[in-house]
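Peer 1: Quick one: sequence plus predicted model below, questions after.
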Amino acid sequence: MNNSITDVEKIEQLKRGKRIKHIRENELQMNKTQLAKKIGVSGQFLGLVEDGKGNLVYKSIKKLRDLSGHSADYILYGLDDNIIKETKMCLEKFTDSEIINSIEIIQKIMALIKNI
């Protein structure tokens, strides 16, 4: 079994490192040492992660998620998480009952569309 990293995985790792660096510098406005301490790694290791030469473990990703407000999907894969934030803000205006009724209506519309 070959344990070497594939080209695709390497590209993903590089992109992930750039996202983490962007979050650290532009959003959290921290240096490597500050963020590393908060997520439970060394500054040197965080530098490797940001350079695409290492990966954070679950516990560190969770801490970064909590600090930054970004989803783990955004941190790991670059998936846009603005829709999640916007949906949460929108849903805060409605009661649980209103949300449930709306979902039931959407499900009925979906069933109608599938039958067309």
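Peer 2: Looks like it arrived, so ask away.
Peer 1: For the rest of this, base every contact and every neighbour count on C-alpha atoms.
Peer 2: OK.
Peer 1: Show me the shaky parts of this protein.
Peer 2: 1-4 (pLDDT under 70).
Peer 1: okay, now the domains of it?
Peer 2: Dividing the chain into domains by automatic domain parsing, as the record does, gives the ranges 1-80, 81-116.
Peer 1: Regarding the protein, what is its longest helix?
Peer 2: Among all segments of the chain classified by DSSP state H, the helix with the greatest residue count is helix 96-115.
Peer 1: List of residues touching that helix?
Peer 2: Defining contact as C-alpha atoms under 8 Å, 6 or more residues apart in numbering, one finds that helix 96-115 is touched by residue 91.
Peer 1: residues in contact with the residue nearest to residue 77 when sequence neighbours are not counted?
Peer 2: Here the nearest residue to residue 77 in space, its sequence neighbours aside, is residue 16; by C-alpha to C-alpha, 6 or more residues apart in numbering that works out to 6.8 Å. With contacts defined as C-alpha under 8 Å, 6+ apart, residue 16 is in contact with 50, 52, 75, 76, 77, 78.
Peer 1: State the phi and psi torsions of the last one.
Peer 2: Backbone torsions of residue 78, given as degrees, to the nearest 10, read phi 80, psi 10.
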